[in-house]
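Asker: how would this look folded up:
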Amino acid sequence: PHLAEKIAKQTRKDFPDGIPGFGTDALRFTFAALATTGRDVKFDLGRIEGYRNFCNKLWNASRYVLMNTEDQDCGQAPDESGGELELSAADRWIRARLHATTATVTDAIEGYRFDLAAQAIYDFTWNAFCDWYLELSKPVLTGTAASDAAKRGTRRTLVETLETLLRLAHPIMPFITEEIWQKVAPLTGAQGETIMLAPYPVADAGADDPEAVAEIEWVQQVILGVRRIKGEMNIAPGKPLPVLVANASEQDKTWLAVARPYLDFLARIESVTLLEDESSAPESAIALVGNMKLLIPMAGLIDKDAELKRLDKEIGRLTDEIARIGQKLANPSFVDKAPAAVVDKERARLAEQSTAIGNLQAQREKIAAL
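Answerer: Numbers count the residues shown, from 1 in each chain. The predicted model follows:
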């Protein structure tokens, strides 16, 4: 109490026009996210503003889902409609991610780690659902090549994922989840008048899908690799570019074929050409996806100095990573005490990073010789 007057004076100085409002859900989410154990909480209005943006992200995502599913066949009663369901790799991937997140959130809440529960909900909603899955759904819903069964499967996945996510987040942010649930629940066939009485999500181990997860993670790496080259070479994101592919495995070739709708739509790829002999490729900007190389011919596109700078930055990052892994493997306490699988994984990463840095250094020599 003896600090009250001092605090009031400082607060009026910091907020001469009053403390802005951010909404109850944003405030509740902030308290949950800051509820770590064993330390005082430093309350920051910037965090509330960030979680208000998160609420807006969820609201806008819901608008996209409703816009593409309301008055549409979402495959809830295939026997009655006669429509088949076909789930894409992206549909299966988001289902696997959702159920993994459900398990994480459930464990966190049972352990009173509301900060970990909030973080898991935030990461899934913002990164997996909004930034990736909604974008991956667009080639299916808007493309002419997708079958009715594929569109039906994606619409069903959209509404079911969103409805489950709303129930998962409801204890932390009850108002926005109730508002959206009232519109989404009928599309999934969910019963009840309120989300408050709906059952809490239960993780389903059967939703685990390593094949779909591996494919979509590969797709993400390809898209990010092409986008990174475009960004660092100051090429318009929407400009279609030809891509040459070298050192592709059989699995890479399979995914290149089946994932083309994703790559064409999100990376704006004009064409894909497989190279049997990399030495025949023109001078190109390079991105690595595992051992596979993505080459974008630089003729008429490249800024030589900028590309050298980009390669130096990537080489520096890999050099630091190799040094870190090497230091860990040189530590007898780590090698002797860590599980053999963990040690083997680190050694494999070291070999992979060493190969990658060799490829980048070779590419830098080519660019420098232009």
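Asker: Quick one: the strands in the chain, in order.
Answerer: 241-246, 269-274, 284-289, 292-297 (DSSP state E).
Asker: contacting residues for residue 298?
Answerer: 233, 282, 283, 284, 285, 307, 367, 370 (Cβ atoms under 8 Å, 6 or more residues apart in numbering). (Glycine included, C-beta is placed from N, CA and C.)
Asker: same thing with residue 147?
Answerer: residue 86.
Asker: List phi and psi for it.
Answerer: phi -80, psi 170 (degrees, to the nearest 10).
Asker: And it, how close does it get to residue 126?
Answerer: 31 Å (Cβ to Cβ, to the nearest Å).
Asker: swap in residue 120?
Answerer: Taken as Cβ to Cβ, the span from residue 120 to residue 126 is 11 Å.
Asker: One more: residue 145?
Answerer: 29 Å.
Asker: Same check on residue 306?
Answerer: As judged by Cβ to Cβ, residue 306 and residue 126 stand 30 Å apart.
Asker: show me where the stretch 251-370 of the chain has helices.
Answerer: Along the stretch 251-370 of the chain, counting by DSSP state H, counting those that start in this stretch, helices occupy 260-266, 304-329, 332-337, 340-368.
Asker: Alpha carbons of the shortest one, as PDB, please.
Answerer: Once side chains and other backbone atoms are set aside, the C-alpha atoms of helix 332-337 remain, and they are given as PDB (Å, rounded to 0.1, in the frame of the first residue of the first chain):
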ATOM      1  CA  PRO A 332      32.900 -37.400 -23.200                       C
ATOM      2  CA  SER A 333      30.000 -36.900 -20.700                       C
ATOM      3  CA  PHE A 334      27.600 -36.400 -23.600                       C
ATOM      4  CA  VAL A 335      28.800 -39.400 -25.700                       C
ATOM      5  CA  ASP A 336      29.000 -41.700 -22.700                       C
ATOM      6  CA  LYS A 337      25.700 -40.700 -20.900                       C
END
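Asker: any residues touching that helix, and which ones?
Answerer: Against helix 332-337 from outside (Cβ under 8 Å, 6+ apart): 328, 329, 343.
Asker: which residue packs closest to residue 283, ignoring adjacent ones?
Answerer: residue 298 (5.2 Å; Cβ to Cβ, 6 or more residues apart in numbering).
Asker: what separates residue 338 from residue 344, distance-wise?
Answerer: From residue 338 to residue 344 the distance is 10 Å (Cβ to Cβ).
Asker: of those two, who's got more company?
Answerer: More crowded of residue 338 and residue 344, by other Cβ atoms under 10 Å: residue 338, with 16 against 11.
Asker: quick revisit: nearest to residue 238 among the contacts of helix 332-337?
Answerer: Of all the contacts of helix 332-337, residue 238 sits closest to residue 328, with 42.0 Å by Cβ to Cβ.
Asker: thought that closest one was touching residue 346?
Answerer: Yes - in this structure, residue 328 is within contact of residue 346 by Cβ atoms under 8 Å, at 6.2 Å.
Asker: So for those two, which residue has more residues nearby?
Answerer: residue 346 (18 against 14).
Asker: check contacts around that one.
Answerer: Residue 346 neighbours (Cβ under 8 Å, 6+ apart): 325, 328, 329.
Asker: Just send these back as JSON lines, with distance to residue 205 too.
Answerer: Shown next, in JSON lines, are those (distance: Cβ to Cβ, whole Å):
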{"residue": "325", "distance to residue 205": "32"}
{"residue": "328", "distance to residue 205": "32"}
{"residue": "329", "distance to residue 205": "34"}
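Asker: pLDDT below threshold where in the stretch 201-350 of the chain?
Answerer: Within the stretch 201-350 of the chain, the ranges that satisfy pLDDT under 70 run 300-302.
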